[in-house]
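Q: Any chance you could fold what I've pasted below:
(2 chains)
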Number of protein chains: 2
Amino acid sequence: MAKVKIAVIVGSNRRGSVNGKRAQALARLGENRLAFKFVLIGDLPLYNQDLEGELPKSVVRFKSEIATADALLFVTPEHNRSIPALLKNAIDWGARPYGQNSWSGKPAAITGTSPGAIGAVHSCTCDRFWEAWVCSSWVGKPTSPLSPAWWIRMG
Amino acid sequence: MAKVKIAVIVGSNRRGSVNGKRAQALARLGENRLAFKFVLIGDLPLYNQDLEGELPKSVVRFKSEIATADALLFVTPEHNRSIPALLKNAIDWGARPYGQNSWSGKPAAITGTSPGAIGAVHSCTCDRFWEAWVCSSWVGKPTSPLSPAWWIRMG
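A: Numbers count the residues shown, from 1 in each chain, chains lettered A, B, ... in the order given. Reported below is the predicted structural model:
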C-alpha cells in the first residue's frame, strides 16, 4: 500500500531551527508508515492580491505541493504570541486566490517548540484562523513531551 | 507647539487598497493637529533571526521611523481571521532584536476595513500579540462608522 503523503511546513527558516530539527525527527519517527515531504515557504513573496493575476512561480509550486499531499504537518515556533510571519504568509497564499483554497479538507497536525517553558502553545492553539476559518473541525488533541500537538481538519 | 508625530502602518500593499485610502482619509482629517508619516513595510524581508546579526537596511529604516514617532496608527485588513502576513512581519521585526523592541511605550490605534459586514474586526481585536505581548494596556475603545478602532499602549 502506498504511504500516506504528509506535507511538512516549518514555521522558521533560521539555520539550526529547533522546529526544523523537531520536524526532521518526527519525519524519521514516522517514515516507515508515512512519506514526508518538506515544503519550502521561505521563497514565497509577501502576500499581495495584486500578484494573483499571474501567480508567482514559487506560489504555484507551493500550492501544487500542498495539493498532492494527503495530510499536513505544521511545526512552528511562535513570535509575539502568534505564528511567525513566515508561516502566516504561507497560510494566506494557500487560501488564495478565492475559490482555490489549498487547505480545504486536509487533515493537519500542528506542533512546535521554543526555548520557553510553554513551547509554542500560542501558535498551536490560539490563532483565530486555526479555530474559525482554515479548520472545519478539531479531530483530536494529543500531546507530546515538548509541546502540545493538535490535530485538525482544514476547512 | 510641534505637532504630535504619528507613524501610519497600512496592512495591505495592494494598489487601490481600501485600507490605504482609509489611512489617507484619516490623515487628512487629523492633519491640523497631527503630523502623519506613512511607514513602508512592503520592503521588509520575511523575518528570520539569522538576519539579526547585520540588520537589513530596510529593517533599520523601518525601526528608525518607528522610533521617531510619538504614536502609531495601524490600518489593516484581515486575512484568515488575523492580520495579514505583511503586517505580522512588520510587528515581528519591530519587536526584534531582543532588547530593541521598537513598539515599547508607544500609544497606538488599530483600525481597518474590508468589504465584509464586520470590517476587519478580527485583525483589530483578536490577535494575542495585541492583547498579551505587544500591548501593556488598552487605553480606550472608540468606534468608527466603518469598523471598530481600538487604542492601546504598546508594551
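Q: wait, residue A:66 sits on residue A:102?
A: Yes - in terms of CB atoms under 8 Å, residue A:66 counts as a neighbour of residue A:102; the distance is 4.2 Å. Every residue, glycine included, has its C-beta placed from N, CA and C.
Q: Now do the longest helix along chain A: which elements does it pack against?
A: Within chain A, and with DSSP state H defining each element, the longest helix by residue count is helix A:18-30. Contacts defined by 3 or more CB pairs under 8 Å, 6 or more residues apart in numbering or on different chains; DSSP states H and E place helix A:18-30 against strand A:4-10, strand A:34-38, strand A:71-75.
Q: ok so, going back, need the overlap of contacts for residue A:66 and residue A:102.
A: Common contact partners of residue A:66 and residue A:102 (CB atoms under 8 Å, 6 or more residues apart in numbering or on different chains): residue A:94.
Q: which residues sit against the longest helix of chain A?
A: Taking CB under 8 Å, 6+ apart as the rule, helix A:18-30 contacts A:6, A:8, A:10-12, A:14, A:34, A:36, A:38, A:73, A:75-77, A:111-115, A:120, A:146.
Q: coming back round to it: is it possible to get CSV of the helices and strands packed on helix A:18-30 that adds mean neighbour count and distance to residue B:56?
A: CSV is the format used below for the helices and strands packed on helix A:18-30 (neighbours: other CB atoms under 10 Å in any protein chain shown; distance: least, CB to CB, whole Å):
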stretch, mean neighbour count, distance to residue B:56
strand A:4-10, 21, 22
strand A:34-38, 16, 25
strand A:71-75, 24, 26
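Q: And those strands: which comes nearest chain B?
A: Set against chain B and scored by CB to the nearest CB, those come closest in strand A:4-10, at 12.2 Å.
Q: The closest one pairs with which strands, parallel or anti?
A: Sheet pairing of strand A:4-10 (DSSP bridges) gives strand A:34-38 (parallel), strand A:71-75 (parallel).
Q: I'd like the mean pLDDT over stretch A:80-93, please.
A: The average pLDDT within stretch A:80-93 is 90.
Q: That stretch near chain B anywhere?
A: Yes - counting by CB under 8 Å from any CB of the partner chain, chain B has neighbours in stretch A:80-93: A:80, A:81, A:82, A:83, A:84, A:85, A:86, A:88, A:89, A:91, A:92.
Q: Show me the residues you listed that map onto helices.
A: Among the residues of stretch A:80-93 next to chain B, DSSP H puts A:85, A:86, A:88, A:89, A:91, A:92 in helices.
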